[in-house]
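Peer 1: Requesting a structural model of the entry that follows:
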Amino acid sequence: MKKTLAVLGLSTVIFCGGVQAQSVPGFLQDVPLSDWSYEAVNGLIATGHVNDYTESIPQGRIMSRMEMAMVVDDAMQNLKAFTPTEQDTIQKLNKEYYYDIKKIQILSKLDNTDLEKATNEISDKTFTEEEKAGLKKAAAFADKFSLDGYAELRDDHYLKNTGKTTRANMINVQVNTAYKVNDNWQVHTDLTYRNSFSGFNDTLSTTPGENQTGTLMDTYVTGRMANNALGLKVGKWDEWNIYGWGMDMDCNFSGVQLDYGKKDFKTYLTTGKMDLWDYAMGGDLDNEQVTSLRFFYPFDKKNDINFGVSSSSAMASRYQDPNQGRVLYYYTHAHHNFDNNWDLRAGIINSDAKRDDTAIAATKTKQPGRWIQLQYKGADLQSPGTYGITADYRYEPALTWPTVTDWCGLNEHFFRLGVNWVPSKNICVNTFYTWASDIDTGAKDDLYRFQVQFFF
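Peer 2: Numbering: from 1, shown residues only. Model (predicted):
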């Protein structure tokens, strides 16, 4: 009870606590249902030694990092009551939620019974009743509001048969905000600013590409219904998902996404408009109509499979017949974790696309797209000195690949070697070199990147 009340004291702490979701989790961010923490804390609660928690977390209930940190902190306070194996589990959890627990401990000092003492310790000043009321009001808002983001410097270059060209030379800053309406619903606004050092301000745009300068804003709502079994996401957002197309999905999206499933088997239905860069690559569509149905199942902690179908507008840049209307793609993607050091991913995708009647389309290969990725170790933004090495091979025929993903050109195959390194907490340096060529002509299209990212 004391910790629950103390959370109301959350004020400026939260504005510094969140970071970008895909890399550094924020204080109020949900812990995925597939995460190992649920099983671990339920095992601790079952011992009866977690004083403030006598009942297991119900299956399908999603907890925030803040809630999970409260359970772990309680277990830490009674560490000697657990067996050595259980103590090892608690220490692993403590490392995972270390900074979240620190915030919980700070906020505990703002409990009503200790408020005056805690604030004296912090600022050597006693709050007046008016100041206490103002603090509580601000804390109530801060408890619902989270902020995270990142800044990056990127330098990309192509090496073609005709020589060297700049692909992207830019700075990108993204700020993501979320307002918690209630326990089930959140409103999100993501703001992105890009400044190109290649195109300069003469390419100022409200929808800037990687060699343009301008600002993007995405607004969307997320929520869960039916006792947490059904999730909804509606609005406009940037969709990047390694599982999306079986290989990955990388696009701007406007529409609706539903996900169903409490724990293991998950179903995703997505419908709306996606920018798959048809217009930018020689086609005539700014956005394509897309409907996809995707399934995900983790067999265990080391293995999972992802498969599905997707229907999207036929695209001229992919040499597809516009009279076909929609092209159907079908794919599968498998993942295996060997141990703490090695991960393997592999996937295949195909389509029923018909060639258009142009001469160049008749020369293009229509084969399934496929990929394989081997990763050694992995960069952890919370652990300076950590690194990851990845090796990829991709074969992406235009007729059977729905989008230009992961910085691979149209109708190409490539081998890529990449390295990620964390020199300091929340800073990541990543670089890769790609040996690429056109599938049908063999034209060279190598790409190399140097990038530094700063997360907050």
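
Peer 1: Mind listing the residues bridging to G418?
Peer 2: Beta-bridge partners for G418, by DSSP bridges, are T390, F432.

Peer 1: pretty sure it contacts T431?
Peer 2: Yes: counting by Cβ atoms under 8 Å, G418 touches T431, with 6.8 Å between them. C-beta here means a position set from N, CA and C on the backbone, and glycine is covered the same way.

Peer 1: what are the pairing partners of the longest strand along the chain, and which direction each?
Peer 2: Under DSSP state E, the strand in the chain containing the largest number of residues is strand 163-180. Strand 163-180 has the following strand partners under DSSP bridges: strand 145-160 (antiparallel), strand 185-196 (antiparallel).

Peer 1: Average pLDDT for it, rounded please.
Peer 2: In this model, strand 163-180 has a mean pLDDT of 88.

Peer 1: Show me where the chain dips below the pLDDT cut-off.
Peer 2: Along the chain, the model assigns pLDDT under 70 to residues 1-28, 106-128, 131-132, 135-136, 138-142, 199-207, 247, 262-263, 405-406.

Peer 1: so the closest residue to K266 other than its chain neighbours bridges to which residues?
Peer 2: Distances taken as Cβ to Cβ, 6 or more residues apart in numbering place F296 nearest to K266, at 4.5 Å, with adjacent residues excluded. F296 has these beta-bridge partners by DSSP bridges: K266, N306.

Peer 1: roughly how far apart are F296 and D259?
Peer 2: According to Cβ to Cβ, to the nearest Å, F296 stands 9 Å off from D259.

Peer 1: what touches both of these two?
Peer 2: Taking Cβ atoms under 8 Å, 6 or more residues apart in numbering as the criterion, F296 and D259 both touch K266, T267, Y268.

Peer 1: Quickly note the distance from the second one to L293.
Peer 2: Using Cβ to Cβ, T267 is found at 7 Å from L293.

Peer 1: where does A75 fall, phi/psi-wise?
Peer 2: phi -60, psi -40 (degrees, to the nearest 10).

Peer 1: mind saving the C-alpha coords of the helix or strand hosting S254 as CSV?
Peer 2: Assigned by DSSP states H and E, S254 belongs to strand 249-260. The C-alpha coordinates for strand 249-260 follow below in CSV (Å, rounded to 0.1, in the frame of the first residue of the first chain):
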residue,chain,number,x,y,z
MET,A,249,8.2,-4.4,-42.3
ASP,A,250,9.5,-0.9,-42.7
CYS,A,251,6.9,1.7,-43.7
ASN,A,252,4.7,4.6,-42.7
PHE,A,253,1.2,3.3,-42.0
SER,A,254,-2.3,4.8,-41.5
GLY,A,255,-5.1,2.5,-40.4
VAL,A,256,-6.1,-0.1,-37.8
GLN,A,257,-4.2,-3.0,-36.3
LEU,A,258,-5.8,-5.7,-34.1
ASP,A,259,-4.0,-8.3,-32.1
TYR,A,260,-5.6,-11.3,-30.4
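
Peer 1: start the count at 21, not 1, going forward
Peer 2: Sure, I'll start counting at 21 from here, so that last one is strand 269-280.

Peer 1: Mind listing what's buried along the longest strand of the chain?
Peer 2: R187, A188, N189, M190, N192, Q194, V195, N196, T197, A198 (16 or more other Cβ atoms under 10 Å).

Peer 1: just stretch 385-402 next, same as before
Peer 2: G389, R390, W391, Q393, Q395, A399, D400, L401, Q402.

Peer 1: Equivalent analysis for stretch 238-245, please.
Peer 2: Neighbour-count burial for stretch 238-245 [16+ other Cβ under 10 Å]: D238, Y240, T242, G243, R244.

Peer 1: what sits up against that stretch?
Peer 2: Under Cβ under 8 Å, 6+ apart, the answer for stretch 238-245 is 82, 204-210, 212, 250-258, 272.

Peer 1: Pull out the buried members of these.
Peer 2: I82, Q206, V207, H208, D210, T212, G251, K253, G255, K256, W257, N272.

Peer 1: from the residues you listed, which single one is nearest D466?
Peer 2: Nearest to D466 among these, counting by Cβ to Cβ, is N272 at 26.9 Å.

Peer 1: what about P228, distance to A366?
Peer 2: 34 Å.

Peer 1: for D268, same thing?
Peer 2: Distance, D268 to A366, by Cβ to Cβ: 13 Å.

Peer 1: ok, now D93?
Peer 2: Separation of D93 from A366 (Cβ to Cβ) stands at 40 Å.

Peer 1: Those two: which has the busier surroundings?
Peer 2: More crowded of D93 and A366, by other Cβ atoms under 10 Å: D93, with 21 against 16.

Peer 1: Tell me if I'm right that that one and Q125 touch.
Peer 2: Yes: under the criterion of Cβ under 8 Å, D93 makes contact with Q125 at 7.0 Å.

Peer 1: quick one, strands of the stretch 221-370 of the chain?
Peer 2: Here the stretch 221-370 of the chain has its strands, by DSSP state E, counting those that start in this stretch, at 234-245, 250-261, 269-280, 286-295, 308-318, 323-333, 346-357, 362-371.

Peer 1: Next, work out how far apart the residue nearest to Y299 when sequence neighbours are not counted and K293 are.
Peer 2: Closest residue to Y299 apart from its sequence neighbours, by Cβ to Cβ, 6+ apart: D306 at 5.0 Å. The spacing between D306 and K293, counted by Cβ to Cβ, is 9 Å.

Peer 1: Then N323?
Peer 2: Distance, N323 to K293, by Cβ to Cβ: 34 Å.

Peer 1: more crowded one of the two?
Peer 2: Taking other Cβ under 10 Å, N323 and K293 do not tie; K293 has more neighbours (19 against 12).

Peer 1: For the more buried one, give me its contacts.
Peer 2: In this structure, K293 makes contact with F273, S274, G275, N307, E308, Q309, V310, judged by Cβ under 8 Å, 6+ apart.

Peer 1: Show me which of the residues you listed are buried.
Peer 2: Here, 16+ other Cβ under 10 Å leaves F273, G275, N307, E308, V310 buried among the contacts of K293.

Peer 1: export the residues you listed to TSV and tack on distance to Q473?
Peer 2: As requested, the buried ones among the contacts of K293 are exported to TSV (distance: Cβ to Cβ, whole Å):
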residue	distance to Q473
F273	23
G275	28
N307	28
E308	29
V310	29
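
Peer 1: Tell me where the stretch 21-170 of the chain has helices.
Peer 2: Using DSSP state H, counting those that start in this stretch, the helices of the stretch 21-170 of the chain run over 22-26, 32-37, 56-66, 85-97, 104-116, 118-128, 135-143, 149-162.

Peer 1: Show me what the third one is packed up against.
Peer 2: Just to be clear, that refers to helix 56-66. Judged by 3 or more Cβ pairs under 8 Å, 6 or more residues apart in numbering; DSSP states H and E, helix 56-66 is in contact with helix 85-97, helix 104-116.

Peer 1: Export the last one to PDB, keeping only CA atoms.
Peer 2: To tie it back to what came earlier, the one meant is helix 104-116. Provided in PDB are the C-alpha atoms of helix 104-116 (Å, rounded to 0.1, in the frame of the first residue of the first chain):
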ATOM      1  CA  PRO A 104      20.100 -19.900  -3.300                       C
ATOM      2  CA  THR A 105      18.500 -20.700  -6.700                       C
ATOM      3  CA  GLU A 106      15.600 -18.300  -5.900                       C
ATOM      4  CA  GLN A 107      18.200 -15.600  -4.900                       C
ATOM      5  CA  ASP A 108      19.900 -16.000  -8.200                       C
ATOM      6  CA  THR A 109      16.600 -15.400  -9.900                       C
ATOM      7  CA  ILE A 110      16.000 -12.300  -7.800                       C
ATOM      8  CA  GLN A 111      19.400 -10.900  -8.600                       C
ATOM      9  CA  LYS A 112      18.700 -11.400 -12.400                       C
ATOM     10  CA  LEU A 113      15.400  -9.600 -12.000                       C
ATOM     11  CA  ASN A 114      17.100  -6.900 -10.000                       C
ATOM     12  CA  LYS A 115      19.600  -6.300 -12.800                       C
ATOM     13  CA  GLU A 116      16.800  -6.200 -15.400                       C
END
